[in-house]
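Student: Turn this into a structure:
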Amino acid sequence: MKNIIENIRKQYPVSDLTIKELESYLTPCSFPKRYQLIKEGIYCKYAYFIEKGILRAYWVVDGEEYTTSFGAEGCIVFSMDELYYNKKSEEYVETLEEVEAYRINIRDLKNLMETNLELCNWGRIIHQNEYRRLHRSHKERLSLPAKERYEEFQKQFPEICKKVNLKYIASYLGITLSTLSRLRSKRQ
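Tutor: Okay, here's the model as predicted:
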């Protein structure tokens, strides 16, 4: 759990006691490439702490996939619809490579965040950061040309740029695959 603990503590100074409490609820698991951890319209009763691997979240609209975010080592992945509203997910989350993770029941995670102040504050911080990322991404899509959007993406997700299929990056940026390919070829 090295990557997970490191990332949790990077976000908020969580004690060893809290880490041990969290670990007592976690079950190790692994998933192959292209496995759907979360599916639209289905209630997923787990959140996943990612130790190794990369994932993407996406929506399907009129048969077209729109990538909304990426996750990598150390992150937590869950459906906010399920955690906060007890509703079925509105998105998909799939692995883009083999993933090693730890799962926790959504009810247990919610209970821990309600009873452990450190985990509550950590949860608040990760949500603040995710809100900021979404806000920036939305602003960039509305105000920046494709080249600058891609440059900002590279700064924010350098590892994703090296490992992920370009069509997912193009989808996230709101540009065509051919536009992204042209931008990349000009940089080389």
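Student: use CA for all of it now, contacts and neighbours both
Tutor: Fine.
Student: got a list of what the closest residue to Leu55 other than its chain neighbours touches?
Tutor: Distance criterion Cα to Cα, 6 or more residues apart in numbering; nearest residue to Leu55, sequence neighbours excluded, is Thr95 at 4.3 Å. Going by Cα atoms under 8 Å, 6 or more residues apart in numbering, Thr95 touches 31-37, 53-56.
Student: Quick check: Thr95 vs Lys33, distance?
Tutor: 5 Å (Cα to Cα, to the nearest Å).
Student: shaky segments in this protein?
Tutor: Applying pLDDT under 70 to the chain flags the ranges 187-188.
Student: mind listing the strands for this protein?
Tutor: Along the chain, the segments classed as strands by DSSP state E run 27-31, 36-38, 46-52, 55-61, 64-71, 76-77, 92-95, 99-105.
Student: Now those in a markdown table, please, with extra columns for distance to Glu118.
Tutor: Shown next, in a markdown table, are these (distance: least, Cα to Cα, whole Å):
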| stretch | distance to Glu118 |
| --- | --- |
| strand 27-31 | 21 |
| strand 36-38 | 27 |
| strand 46-52 | 17 |
| strand 55-61 | 26 |
| strand 64-71 | 23 |
| strand 76-77 | 16 |
| strand 92-95 | 27 |
| strand 99-105 | 17 |
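Student: Nearest to Asn3 among these would be which one?
Tutor: Proximity to Asn3 (Cα to Cα) singles out strand 46-52 among these, at 5.5 Å.
Student: Apart from its neighbours in sequence, what residue is nearest Ile125?
Tutor: Leaving aside its chain neighbours, Ile125 sits nearest to Gln11 (6.6 Å; criterion: Cα to Cα, 6+ apart).
Student: the helices in the protein, which residues?
Tutor: Shown for the chain, the helices assigned by DSSP state H span residues 2-11, 16-23, 80-85, 106-115, 117-143, 146-156, 158-163, 166-173, 177-187.
Student: most neighbours per residue, which of those?
Tutor: Compared across the helices of the chain, helix 166-173 shows the largest average neighbour count, a mean of 21 (mean count of other Cα atoms under 10 Å).
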